[in-house]
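**Student:** need a structure here:
(one chain, ligands or ions: 2)
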Amino acid sequence: MHTTVLIVAAGSGSRLQAGVPKALAALGDGRTMLEHCLESVAAAQSTGALQLNAVAVVVPARPESAAALEQVCRTVGDRTGLMVCCVPGGAERADSVRAGLAAVRALAGAATPGDRHAVLVHDAARPFVPPTVFHAVVTALREGAAAVVPAVAVVDTIKTVATTATDAAPGTEQVTGTLGRAGLRAVQTPQGFDLAALEAAHRRAEREGPADAAALTDDAMAMEAAGHSVAVVPGDPLGFKITTRLDLMLADALLDPSTA
Ligand code: CTP
Ligand code: MG
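**Tutor:** Ligands and ions are numbered 1, 2, ... in the order given. Predicted coordinates:
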């Protein structure tokens, strides 16, 4: 199986507000989020959890940010032997994935004819994913799944709400129902796909909606909409996404030898 990891790192990080694009934000040890993410891919490769052909990283289109992230890719590539290339992303995550898939297709063109092409789509904002998760995703792909997501149990009770606007209380939310927690999962990345199937699913999603690209919050959604079944494998608490300052504090605590 010819496997490429596609890391999306083109987001601005508006909720983190680090003053730089999120992938460039430094964690407690001074290294950027993207560097940690690439190191976790390299760790999976070196433990044999992955047999990777290449890594494509989608970076912001702004030249200064792109140059800084390209430098990170070169540094980690030189240190680990990973073949890493960078491409500019788009306005929404789904746009960045589509831009990355074009690069992955170009890289896959050099593969042995007849070899199956798989892609692992991964958020740069998840810098600590352990090799076990990469291994579980790749194993399910090898066993024939077209789409695989790592997932963890949901700890909160999840309710649906609707906004009722009255003259007295504009925009008040009311609970409309409670979802059964036993049947819910919080989904992480890397998500693994048959490359051709994911390309077709993203083309379909672009053609038929959701009209708002922001509504496509992961890639498995595009596969579900195209009628594929999506396999679930165990995720890991360390696969958490850094979204807010609180998540950054957790990341820094994990890197602090005195709290280890
Ligand atoms: N991403 C991307 N291109 C975008 C938006 C997001 O490549 N246009 C990537 C981010 O870099 C991140 C992953 O998708 O690695 C998950 O997105 P999220 O956590 O939402 O990151 P941001 O969009 O950067 O953050 P925010 O939504 O707070 O602005
Ligand atoms: Mg976002």
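**Student:** residues touching A118, list them.
**Tutor:** 1-4, 138, 141, 192-195 (C-beta atoms under 8 Å, 6 or more residues apart in numbering). C-beta: built from backbone N, CA, C; applies to glycine.
**Student:** Would you list the buried entries among those?
**Tutor:** For the contacts of A118, a burial check counting by 16 or more other C-beta atoms under 10 Å picks out 2-4, 138, 141, 192-195.
**Student:** In strands only, show me these.
**Tutor:** Members of the buried ones among the contacts of A118 lying in strands (criterion: DSSP state E): 2-4, 192-194.
**Student:** Can you add distance to A153 and pLDDT and give the residues you listed back as CSV?
**Tutor:** Below are those laid out as CSV (distance: C-beta to C-beta, whole Å; pLDDT from 0 to 100):
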residue, distance to A153, pLDDT
H2, 33, 91
T3, 28, 94
T4, 30, 96
G192, 20, 98
F193, 24, 98
D194, 27, 97
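**Student:** and V72, how many neighbours does it have?
**Tutor:** Neighbours of V72 under the rule other C-beta atoms under 10 Å: 24.
**Student:** in this protein, which spans are strands?
**Tutor:** Using DSSP E, strands in the chain cover 2-8, 54-59, 84-88, 117-123, 147-153, 159-164, 172-178, 185-187, 191-194, 231-234.
**Student:** Alongside ligand 1, which residues does the stretch 151-260 of the chain contribute?
**Tutor:** Listed as neighbours of ligand 1 in the stretch 151-260 of the chain under the rule C-beta under 6 Å from any ligand atom: 241, 243.
**Student:** Quick one: low-confidence residue ranges for the stretch 151-260 of the chain.
**Tutor:** 209-214, 260 (pLDDT under 70).
**Student:** where do the helices sit along it?
**Tutor:** Here the stretch 151-260 of the chain has its helices, by DSSP state H, counting those that start in this stretch, at 195-208, 219-225, 245-255.
**Student:** per-residue confidence for S65?
**Tutor:** Looking at S65, its pLDDT reads 94.
**Student:** ok, for it, nearest residue in space, not its chain neighbours?
**Tutor:** If the residues on either side of it in the chain are set aside, S65 comes closest to P21, at 4.8 Å by C-beta to C-beta, 6 or more residues apart in numbering.
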